[in-house]
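Participant: Dropping a prediction and its sequence here:
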Number of protein chains: 2
Amino acid sequence: MARKRLTREESRDQTRLRLLEAAAITIAKKGLAASSVEDIAAHAGYTRGAFYSNFKSKNDLFIELLKLDHADIQQGLQEILDAGLSIEDTQKHLAQFYVQAYCGDTSFVLWTEARLQALRDVRFRARLNALLLEKRDVIAYFITTFCKLMGRTLPAPANDLAFSTMALIDGVRFFNESMPNELSDESAQKLLSAIFSATFFP
Amino acid sequence: MARKRLTREESRDQTRLRLLEAAAITIAKKGLAASSVEDIAAHAGYTRGAFYSNFKSKNDLFIELLKLDHADIQQGLQEILDAGLSIEDTQKHLAQFYVQAYCGDTSFVLWTEARLQALRDVRFRARLNALLLEKRDVIAYFITTFCKLMGRTLPAPANDLAFSTMALIDGVRFFNESMPNELSDESAQKLLSAIFSATFFP
DNA sequence: GAACTCTAATACATAGTTGTATTTGAATTC
DNA sequence: GAATTCAAATACAACTATGTATTAGAGTTC
């Protein structure tokens, strides 16, 4: 079967995408600093030439990577929100989405890596914070809507609660990932539910 | 004023300590991977010779650093616990301790860095998890005692709650550090209180 | 299909990092 | 106070990374 002959643009996009995918894996595995440009390019099946032809720097690529991941999550959340399901179904979808989008793959590690980078690099921080604030807003909106539906008042400003939700999910996730025997998937799930219930429906 | 002439052991200990201090600063600033042995040694006022004469590797030093920090925190918590103060005073001391021990300095960054390292390096993970479990146990004990005093039942296993407490504190701390305008010290403090109250005294 | 344009490979110059092997000089021992 | 021991400096060799400058080759344009 003849492979389709790619136009220049298609070919370039393919290269970019492959580089991004390879970067995600490499960075998740070895860390941002320890992943050389050569590593990434080689894993994608290219040389450094392809890398520098597509990205200005490693940080540049990294931000792009985060943006893509962010957009995926964003979209997923929005869809659940817009579906207009019952509360139970929403919760169910949410849990499912969380497991799929965030647990399985490299996403979690990348965002942790990004946090550290943000603490060090002012520009990077600005770019990352913008993404995180977007995420916060979606979650805050979600929390507000949810509480209104349940006829409850919020125990704290929605934005702050959104932060704590993100914090909690990430933090619990780390323990769960790092010592699954001490904190099983099931425990983690239950724990989060318990705290959310307690916090939002006291 | 004549500087005391150091014995060999004193001199060695001094070197070790200075290297550890320099490492804490350097690693917090640039990250573990990006901190070269030379960097660390130079910041401490030595050459790499001194480093390799005192530590087997960078990871070796890093774990030692974490152990020291851990011991400090451990001891601080234990002291508050053992003081047998009233609930209010305990809470007050706890908040104060948290701010002092964890907020001001490099501690937070180091532990985040350690987490990432742990996700990648099995041996490192084992060593780090041991430290984290110790910390968890102290907090779990604290939670249990506290709830008993208040005549409440725990909404989840104490160990799991301890994890979530650690997770929440770290996570909120990150947002607070990374975007102080969006989540002020005060908000962070209030938020944590609100969630803890809701969780433990529903 | 010849001239061109752009992507990715290659070549290169520079610089940084690691760990060990050896040396120096100050503390210790007798 | 000479011999010794040990911490830290220095020297060294191998390796890795970065970014740019140049080149090759496949798409594009006319």
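Facilitator: Received it, and whenever you're ready, just let me know what you need.
Participant: The residue in chain A that DNA strand C sits nearest to: which element?
Facilitator: Here chain A gets closest to DNA strand C at one residue, residue A:49, 2.0 Å apart by CB to the nearest atom of the strand. For the C-beta atoms, the positions are set from N, CA and C on the backbone; glycine is no exception. For residue A:49, the host element (DSSP states H and E) is helix A:48-54.
Participant: That helix and DNA strand D, any residue contact?
Facilitator: Yes: counting by CB under 7 Å from any atom of the strand, DNA strand D is contacted by helix A:48-54 at A:48, A:49, A:52.
Participant: does the first one really touch residue A:54, like I thought?
Facilitator: In this case it means residue A:48. No: taking contacts as CB atoms under 8 Å, residue A:48 lies outside contact range of residue A:54: 10.8 Å.
Participant: So for the two, which sits in the more crowded spot?
Facilitator: Remark: of residue A:48 and residue A:54, residue A:54 carries more neighbours, 20 against 14, as counted by other CB atoms under 10 Å in any protein chain shown.
Participant: Any idea how many residues pack against the closest residue to the more buried one other than its chain neighbours?
Facilitator: Nearest non-adjacent residue to residue A:54, counting by CB to CB, 6 or more residues apart in numbering or on different chains: residue A:16, 5.1 Å away. Number of residues near residue A:16 (other CB under 10 Å) recorded here: 18.
Participant: can you give me the offset of the helix or strand bottoming out on mean pLDDT in chain A from its chain's centre?
Facilitator: In chain A, the helix or strand scored least confidently by mean pLDDT, DSSP states H and E is helix A:87-98, which has a mean of 78. Relative to its parent chain, helix A:87-98 has a centroid offset of 17 Å by CA atoms, centre = their mean, to the nearest Å.
Participant: Identify each buried residue in that helix, please.
Facilitator: Within helix A:87-98, the residues scored as buried using 16 or more other CB atoms under 10 Å in any protein chain shown are A:90, A:93, A:94, A:98.
Participant: Go ahead and report the secondary structure state at the residue nearest to residue A:54.
Facilitator: Counting by DSSP: H, G, I helix; E, B strand; the rest coil, the backbone at residue A:16 sits in helix.
Participant: Quickly find the element holding residue A:85.
Facilitator: Assigned by DSSP H and E, residue A:85 belongs to neither a helix nor a strand.
Participant: Contacts for stretch A:130-148, please.
Facilitator: Residues from elsewhere that reach stretch A:130-148 (CB atoms under 8 Å, 6 or more residues apart in numbering or on different chains): A:66-67, A:70, A:73-74, A:77-78, A:81, A:87, A:90, A:153-154, A:158-159, A:161-163, A:165-166, A:200, B:175, B:178-179, B:182.
Participant: Could you turn the buried ones of these into a ChimeraX selection?
Facilitator: Applied in ChimeraX, the following selects the buried portion of the contacts of stretch A:130-148 according to 16+ other CB under 10 Å:
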select /A:66,70,73,74,77,81,90,154,158,159,161,162,163,165,166,200 /B:175,178,179,182
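Participant: Out of the contacts of stretch A:130-148, which sit inside helices?
Facilitator: A:66-67, A:70, A:73-74, A:77-78, A:81, A:87, A:90, A:158-159, A:161-163, A:165-166, A:200, B:175, B:178 (DSSP state H).
Participant: ok, back up a step: can you name the residues that contact the residue of chain A closest to DNA strand C?
Facilitator: Counting by CB under 8 Å, 6+ apart, residue A:49 touches residue A:41.
Participant: Not counting sequence-adjacent ones, nearest residue to residue A:125?
Facilitator: Leaving aside its chain neighbours, residue A:125 sits nearest to residue A:118 (4.0 Å; criterion: CB to CB, 6+ apart).
Participant: For that neighbour, give its distance to residue B:177.
Facilitator: As judged by CB to CB, to the nearest Å, residue A:118 and residue B:177 stand 9 Å apart.
Participant: same deal with residue A:28?
Facilitator: Computed as CB to CB, the residue A:28 to residue B:177 distance reads 23 Å.
Participant: out of all of them, which helix in chain A is the longest?
Facilitator: Ranking each helix of chain A by length (DSSP H) puts helix A:122-150 first.
Participant: Pass me the low-pLDDT residue ranges in chain A, would you?
Facilitator: Low-confidence segments of chain A, defined by pLDDT under 70, span residues A:1-5, A:99, A:101-105, A:202.
Participant: how about the residues of it that lie near DNA strand C?
Facilitator: A:8, A:11-12, A:14-16, A:41, A:46-50, A:53-54.
Participant: Mark which of those are buried, thanks.
Facilitator: The buried subset of the residues of chain A next to DNA strand C - by 16+ other CB under 10 Å - is A:15, A:16, A:41, A:46, A:50, A:54.
Participant: so which pair among the residues you listed is furthest apart in space?
Facilitator: The span of these, defined through CB to CB, is set by A:16 and A:41 at 11.9 Å.
Participant: The residue nearest to residue A:54 against residue A:51, yeah?
Facilitator: No: look at residue A:16 against residue A:51 with CB under 8 Å: they stay out of range, at 10.0 Å.
Participant: what about residue A:156, neighbour count?
Facilitator: Counted with other CB under 10 Å, residues neighbouring residue A:156 total 19.
Participant: mind pulling up the phi and psi values for it?
Facilitator: The phi and psi values for residue A:156, taken as degrees, to the nearest 10, are phi -160, psi 170.
Participant: residues contacting it?
Facilitator: A:164, B:190, B:191, B:194.
Participant: let's see 6 Å
Facilitator: B:191, B:194 (CB atoms under 6 Å, 6 or more residues apart in numbering or on different chains).
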